[in-house]
Structure formats: C-alpha cells, structure tokens
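Engineer: here you go, sequence then predicted model.
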Amino acid sequence: MSEQTQVDVVQALIVRLQQGDDSARAELINCACDRLMNLTRKVKRSFGRVQRWEQTEDVFQRATMRLYHSLEKVTPNDSRHFYRLAAMQIRRELIDLTRHYSGPQGMGGNHATQMVGSSSDSPLPHGAYDAADQTGGPSQLNQWSEFHLAIEQLPDEQREVTELLFYHELEQAEAAELMGVSVRTIKRYWRDAKLSLYETFDGELPGSM
C-alpha cells in the first residue's frame, strides 16, 4: 500500500467533517499549522526588533483561530477547496500583522527605545528610536504586505499554484494532482507567477520563493 500524501490525509478529514465529525476540524487545522508557523517566523524575521512587541506564537494563534472560525462557517468541498481557504486566512493574518506595525501609527514606525545608561524617567533624546525603523522597519513591513496583496492579484491558476507551493509547501506533483493538471503545467504557472511578482517588486521580493 502506497504511503498517504498530505493531500490524501486532508481529503479524508474533509469527508469526516462532511459526515458530521467535528473532531476532523481540529485535525484539518493541524495540517496547516506547521507551514503557518514557518511563514509567521519568516515574516517576523524581517521585522528587525518588532518581534519584541508581539510573540510569534501569538500571531500563530490568531491565524489559527481565524482559520478555525472560517471552517465553522464553511465546510470545504474537497482538499483543493481547503488549501485555498487556508491560504487565504494565512495571507489575511499576515497582511493584518504587517499593516498593524507599518502604518503611520504603527509600533514599528513610532516605538521609542530607552538608550543604554539613561534612567527610566528621563526623556528620550530626539532620534533615539528602536532599530526597527532602520532595519526591517516600516518599509520592509510595507513590502511584505504588498507582497501578499500582489499574490491575491495574480491570475487564478498562478495564484493557486503560489498558494499550494509557497503557503502550503506542497510538492509540485501534489499540486498537479490537486489541480488536475500535469507537473509541466504547474512548473509553467509557478514560473509565470514568480516572474510577475519579481517584476512587481523590481526583483527584490521580501522572502525567497
């Protein structure tokens, strides 16, 4: 008997959920959890010092709950539907996070850090701000937000392949099976998606793809 792929596992869980087995919902969440945590960490590594204000696990928990609530409202038709739904919720959480820190009133742009050697009740000198606005600061955060938004604007096939390969880290063969196309077609969609994103960001994406 051949080993089950992640896609097979997800499909079996969806069948259970459709049959009224609520425990399958939590197991479906677990299928997206590892990649969700990796993506959250990857984005936050670009934040400079921003991770001081919010723990990766907190972001992860919010994204997980967002996905859980969406699965309470919508039962996926099949594994392909689930992967698209999960990718959308992951992307929305990451966009919300970057906007939270990069906006005009965002902590990434306005947080001041006490200088070494100064007392806690003394005023901060002008310009004594956290390194977040210099390394991985608002401009980098904006780029991450724009990156996820740009993925939403890709043509349907390119967006779905990006969701499967980037957000869920499926193998190209798994993506091909899920979408009902050849691996060669997946490679073409993936190449075109990356080319489009590289052009959008002048060849400087915030994360490797």
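Structural biologist: Noted; the coordinates are in hand. Residues are numbered from 1 along each chain as shown.

Engineer: please count neighbours and contacts with C-alpha atoms only from this point.
Structural biologist: Fine.

Engineer: look at residue 148 and say how many residues are nearby.
Structural biologist: When neighbours are defined as other CA atoms under 10 Å, residue 148 has 16 of them.

Engineer: quick check, it in a helix?
Structural biologist: Yes - with DSSP: H, G, I helix; E, B strand; the rest coil as the criterion, residue 148 is assigned to a helix.

Engineer: what comes up buried for stretch 142-162?
Structural biologist: Buried residues in stretch 142-162, defined by neighbour count with 16 or more other CA atoms under 10 Å: 142-148, 151-152, 154, 157-162.

Engineer: one more: stretch 33-42?
Structural biologist: 33, 35-37, 39-41.

Engineer: isn't residue 7 right up against residue 171?
Structural biologist: No - using CA atoms under 8 Å as the test, residue 7 is too far from residue 171 to be in contact (10.3 Å).

Engineer: neighbour count winner among these two?
Structural biologist: Just comparing residue 7 and residue 171: by other CA under 10 Å the higher neighbour count belongs to residue 7, 19 against 14.

Engineer: and the more buried one, what does it touch?
Structural biologist: Going by CA atoms under 8 Å, 6 or more residues apart in numbering, residue 7 touches 79, 174, 178.

Engineer: what about 6 Å?
Structural biologist: Under the criterion of CA atoms under 6 Å, 6 or more residues apart in numbering, residue 7 has no neighbours.

Engineer: before we move on, what about the one 4 residues further on?
Structural biologist: Contacts were defined as CA under 6 Å, 6+ apart; by that measure residue 11 touches residue 79.

Engineer: what's the weakest-modelled helix or strand in this structure?
Structural biologist: Scoring the helices and strands of the chain by mean pLDDT, DSSP states H and E places helix 107-110 at the bottom, with a mean of 46.

Engineer: so where's this protein uncertain?
Structural biologist: 1-3, 40, 42-56, 59, 101-141, 206-209 (pLDDT under 70).

Engineer: switch the cut-off to 80
Structural biologist: Across the chain, the ranges flagged by pLDDT under 80 are 1-4, 32-60, 62-63, 93-94, 97-145, 204-209.
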